[in-house]
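S.K.: Structural data only, the sequence is not supplied:
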């Protein structure tokens, strides 16, 4: 299955350089509107920013991610191509991350780590559409569908009914403490003795 790379990847590549270019371009534009003079340095910065945007766009368009039975095939890079095959048995962890900006854009950052890779830097990190990233994560973990979630009352009921008395007492302690603060210390002592 071929997975779509999200356009947020364009800006993830540029974030190292964007601040260095946007600040001078913004000050040059403000100077132009205030004084009416167009600074010469602004043209070179605008040209450099445009060149970086074009390179990031070409790099984003050339990036591919394909999953098969054997593993994952990744192809990325425009001038410097990097192709890799990650067999499923060699992938040690897959991390799915969403920043607030990613959530607004509908993107997810997915990171693949192997034993041979470094600890601080991922072997491969790509931006996928949220639905594609979740589907890939389920496929790699072998889940067909997500497990259900329980509400707090269901969890407490299960814990009280299936656990030992000491675990139940530990779970009941915050409730007893809250009731004791409402009803008084004598009530708390009676409740603890009842348990």
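M.R.: Yes, it's here. Given the structure is predicted, the values throughout are model-derived calculations rather than measurements. Numbering: from 1, shown residues only.

S.K.: tally of neighbours for residue 49?
M.R.: Residue 49 is flanked by 18 other residues according to other CB atoms under 10 Å. (Glycine included, C-beta is placed from N, CA and C.)

S.K.: Do I have it right that it meets residue 25?
M.R.: Yes: between residue 49 and residue 25 there is a contact under CB atoms under 8 Å: 6.3 Å.

S.K.: Would you mark the buried spots in stretch 102-118?
M.R.: Going by neighbour count (16 or more other CB atoms under 10 Å), the buried part of stretch 102-118 is 102, 105, 107, 108, 109, 110, 111, 112, 113, 117.

S.K.: I meant stretch 48-66, not that one.
M.R.: Those would be 49, 52, 53, 56, 59, 60, 63, 65, for stretch 48-66 by 16+ other CB under 10 Å.

S.K.: could you dump those to CSV with secondary structure, pLDDT and distance to residue 85?
M.R.: What follows is the buried residues of stretch 48-66, written out as CSV (DSSP: H, G, I helix; E, B strand; the rest coil; pLDDT from 0 to 100; distance: CB to CB, whole Å):
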residue, secondary structure, pLDDT, distance to residue 85
49, helix, 77, 36
52, helix, 82, 30
53, helix, 83, 31
56, helix, 84, 25
59, helix, 85, 20
60, helix, 86, 21
63, coil, 88, 15
65, strand, 89, 12
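
S.K.: ok, residue 86 to residue 132 distance?
M.R.: Distance of residue 86 to residue 132, computed by CB to CB, to the nearest Å: 17 Å.

S.K.: And for residue 76?
M.R.: 16 Å.

S.K.: do residue 11 as well
M.R.: Counting by CB to CB - residue 11 and residue 132 are separated by 19 Å.

S.K.: For those two, indicate the residue with more neighbours.
M.R.: For residue 11 versus residue 132, neighbours defined as other CB under 10 Å are more numerous around residue 132 (19 against 15).
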